[in-house]
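Peer 1: generate coordinates for the sequence data below:
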Amino acid sequence: MSRHREPSSPHPGAVFEHTGRSEGTATDDRAASPLRLGLLGCSPIARRRMLPAIGLLDTVRLSGVAAREIERAKDVAAELGTVASGYDEILGRDDVDAVYISLPNGLHYEWAGNALRAGKHVLCEKPLATTRENAVELTELAASRGLVLRENFSFEHHSQHTKVRQLLAEGRFGIPRTFTGSFCIPPLPPDDTRYNAALGGGALLDIGVYPLRAAQLLLGPDLTVTGATLRVDERLAVDLAGQVQLVSADGVFAQLEFGIQHSYGSRYSLWGSAASVSLDRAFTPPPSRQPVLRITEQDHAEEIVLPPSDQFRNSVEAFVAATGPVVDAAAERPWLDRAVTTARLIDEIRKKAVRVGARDEGDG
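Peer 2: Below is the predicted model of the structure:
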């Protein structure tokens, strides 16, 4: 097996399309006037990942924090040296240009809409909405008001996926035949909002959307759900795990699996007519991790070691750059369309899924 390392880059992150501004220009534009950001929600992903990334940037300034529990908002605000507010109060403040929403999934549609109507740019945790109808409404609202609306799939901004897409475009794997993607995590605390159906709980919305989005990233948006199975806790009325089968417009098969009752796993692979590539820790790699692409052919195997990349910082930087000084509507349209496609696929999965009851873990 051969193994080589990609050279390090001062800007390891990447987005899907060019925004029309160089990274240096965007940074210079914001240096004198940072984006003033309000936080709606203090979720674990916000506290562990996004807030540390935001703290690394001088192009963003936190203006306030809001949470369902005011005491939690006060604690987080004190840690960050800012103030605690209610949701509506943050949206009404003149010193807030944009909001980052990390509320439970079922509240994204409501508060992203409220923020857009208040004239704020929005970076919203995935999924943007739980139905295609709601996603279309939000994206049309953002476009009509000239505001940036990004669905925060941070993994899209990691350079490991840029490298896979590059090799795919160069024909390194031949003709793509099958894609497999998996994201599973261990069970959560009993009071976690992801077990709450009224708040948009369930594995599909929280975990399953990652391999679903990765399939779009590598196979394109024209995907059709050909089958699905969801393991459902009937008492909680939420799905705990699932499998999904898809086919792309040009006939590539995709198999996805996800769940919140497994040991941890986060990976995908693409198998073509000439070679296959596999990637571990595909969706939540630590910023210090050096990703390894494993490429296998019939008589050859190699590993490509990539430089570390902070996908959370990259995501925030891309959002800040998109918000000013002028929003490029043409550059934002693909981001809006991807959010609608993700919501459409969620609708299709729910419609076609065979539902299986969850086995009581005490049954042995």
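Peer 1: where in the stretch 1-150 of the chain is pLDDT low?
Peer 2: 1-2, 7-32 (pLDDT under 70).
Peer 1: that one: helices as residue ranges?
Peer 2: Ranges of helices within the stretch 1-150 of the chain are 23-31, 44-45, 51-55, 70-80, 87-91, 108-117, 132-145, based on DSSP state H, counting those that start in this stretch.
Peer 1: which residues does Val232 bridge with?
Peer 2: Asp239, Gly357 (DSSP bridges).
Peer 1: make sure it is actually in contact with Gly259.
Peer 2: No. In this structure, Val232 is not within contact of Gly259 by C-beta atoms under 8 Å, at 11.8 Å. No exception for glycine: its C-beta is placed from N, CA and C like everyone else's.
Peer 1: which residue ranges of the stretch 151-300 of the chain form helices?
Peer 2: Taking DSSP H, counting those that start in this stretch as the criterion, the stretch 151-300 of the chain carries its helices at 159-169, 203, 209-219.
Peer 1: quick one: contacts of the shortest one?
Peer 2: In this structure, residues lying in contact with helix 203 by C-beta atoms under 8 Å, 6 or more residues apart in numbering are 194, 238-242, 258-260.
Peer 1: between those residues, which is nearest Ser278?
Peer 2: Set against Ser278, the nearest of these by C-beta to C-beta is Phe258 (17.5 Å).
Peer 1: between Val232 and Gly259, who's got more neighbours?
Peer 2: Counted by other C-beta atoms under 10 Å, Val232 and Gly259 do not tie: Gly259 has more neighbours, with 23 against 20.
Peer 1: where do the contact lists of Val232 and Gly259 overlap?
Peer 2: Leu240.
Peer 1: that older thread, export the contacts of helix 203 to TSV and tack on distance to Pro291?
Peer 2: Shown next, in TSV, are those (distance: C-beta to C-beta, whole Å):
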residue	distance to Pro291
Arg194	27
Val238	32
Asp239	30
Leu240	29
Ala241	26
Gly242	26
Phe258	21
Gly259	23
Ile260	24
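Peer 1: want to throw those residues into a markdown table with pLDDT?
Peer 2: Shown next, in a markdown table, are these (pLDDT from 0 to 100):
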| residue | pLDDT |
| --- | --- |
| Arg194 | 95 |
| Val238 | 97 |
| Asp239 | 98 |
| Leu240 | 98 |
| Ala241 | 98 |
| Gly242 | 98 |
| Phe258 | 98 |
| Gly259 | 98 |
| Ile260 | 97 |
